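In: Predicted coordinates and the sequence they were generated for:
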Amino acid sequence: MQLFYNPDITETTNEFSFSKEESNHIVKVLRKNMGDTLHITNGEGWLFTAEITLADIKKCLVKIVDKSLQPKRNYQLHLAVAPTKMNDRYEWFLEKATEIGIDTITPIICDHSERKIVKNDRFEKIVQSAMKQSLSCYLPKLNEPILFKDFINQKFAGDLFIAHCEETDKKSLKNEITPNSNITILIGPEGDFSVKEIKMAIENKFIPVTLGDTRLRTETAAIVACHSVAFINE
């Protein structure tokens, strides 16, 4: 099954036309014809089965013939991850985390961040593509970049963790995860969180955790954290 994405479709939609770009892809590249079936999601859990009523490279029209609301996971995961120096590493994290299962992603700008300016447009496309590839009907929310000090002072629900490399007392993340719960995990930049940031996180009820015995890159640490939560909730 190939999955298409369009946020404008709702459970009350009966007919729909694709953009010129996607119409060209469907008709010219995929060679779809009138009467063929397409599967579409709006990223909010709905899976729509549609039949092509007009196969035109400039305007592909479909009618919705079936729809279903896909079940949500039994947990909610929010990863706040500092942008990496190289964008492709962050994009890899976004892709893999979306495939594994994540609900919210926030790029956090930290004291040791080498990249402090982030453009979310390309990141959003990476997340959308990964959602479609993994046949998920829920699009993770990608928040705008935010300074660590502003992020940490927000109100959070559920279990809160900060993964860092300082030689202090830390718990193992896999032993602290509560199944079926909301979880927020902070992952720092290549230079790790500053001592001040770690202190601020602890003051805001974040539990210091370790992800293993080796020192991990930012994007690797984020994937390990994401998979650990998914594994505990299997």
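Out: Sure thing, it's come through.
In: Strands of the chain, start to end?
Out: 3-5, 15-17, 37-41, 46-54, 61-69, 76-81, 104-109, 141-142, 146-147, 159-163, 171-172, 182-187, 207-210 (DSSP state E).
In: what angle sits between the fourth one and strand 37-41?
Out: Here the directions of strand 46-54 and strand 37-41 differ by 140 degrees (axes from the mean of the first three to the mean of the last three C-alpha atoms, to 10 degrees).
In: in strand 46-54, what counts as buried?
Out: Trp46, Leu47, Phe48, Ala50, Ile52 (16 or more other C-beta atoms under 10 Å). All C-beta atoms are positioned from the backbone trio N, CA, C, and that covers glycine.
In: Could you dump the strands of the chain into CSV and include distance to Lys196?
Out: Shown next, in CSV, are those (distance: least, C-beta to C-beta, whole Å):
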stretch, distance to Lys196
strand 3-5, 41
strand 15-17, 51
strand 37-41, 42
strand 46-54, 44
strand 61-69, 45
strand 76-81, 17
strand 104-109, 14
strand 141-142, 27
strand 146-147, 13
strand 159-163, 13
strand 171-172, 21
strand 182-187, 14
strand 207-210, 14
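In: Output the ones you listed as TSV; include the columns distance to Val229 and mean pLDDT.
Out: Converted to TSV, the strands of the chain look like this (distance: least, C-beta to C-beta, whole Å; pLDDT from 0 to 100):
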stretch	distance to Val229	mean pLDDT
strand 3-5	24	95
strand 15-17	35	92
strand 37-41	23	96
strand 46-54	24	96
strand 61-69	23	96
strand 76-81	5	97
strand 104-109	13	97
strand 141-142	16	97
strand 146-147	22	96
strand 159-163	10	97
strand 171-172	13	93
strand 182-187	6	97
strand 207-210	12	96
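In: So for Ile126, which of those sits nearest?
Out: For Ile126, the closest of the strands of the chain is strand 141-142, at 9.1 Å, according to C-beta to C-beta.
In: strands paired with the closest one, and their directions?
Out: strand 104-109 (parallel) (DSSP bridges).
In: List the contacts of the strand it pairs with.
Out: 76-83, 90, 94, 97, 116, 118, 120, 123, 127, 140-148, 151, 186 (C-beta atoms under 8 Å, 6 or more residues apart in numbering).
In: again, only using 7 Å
Out: 78-83, 94, 97, 116, 118, 140-143, 145-148, 151 (C-beta atoms under 7 Å, 6 or more residues apart in numbering).
In: again, but for stretch 127-137
Out: 1, 3, 5, 41, 43, 45-47, 70, 94-95, 98-99, 139-140, 142.
In: CA atoms only: put stretch 67-86 into CSV for me.
Out: The C-alpha coordinates for stretch 67-86 follow below in CSV (Å, rounded to 0.1, in the frame of the first residue of the first chain):
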residue,chain,number,x,y,z
LYS,A,67,-12.7,5.8,5.8
SER,A,68,-11.5,4.6,9.2
LEU,A,69,-9.9,6.1,12.3
GLN,A,70,-6.7,4.3,13.2
PRO,A,71,-6.1,3.5,16.9
LYS,A,72,-3.5,5.7,18.7
ARG,A,73,-0.5,4.3,20.6
ASN,A,74,-0.9,3.7,24.3
TYR,A,75,1.7,6.4,25.1
GLN,A,76,2.6,9.9,24.1
LEU,A,77,6.3,10.8,23.4
HIS,A,78,7.8,14.3,23.2
LEU,A,79,11.5,14.5,22.3
ALA,A,80,13.2,17.9,22.7
VAL,A,81,16.4,17.5,20.8
ALA,A,82,19.1,20.1,20.1
PRO,A,83,19.8,20.7,16.4
THR,A,84,23.0,19.0,15.2
LYS,A,85,25.8,20.9,13.4
MET,A,86,25.1,19.0,10.2
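In: Nothing else from me, thank you.
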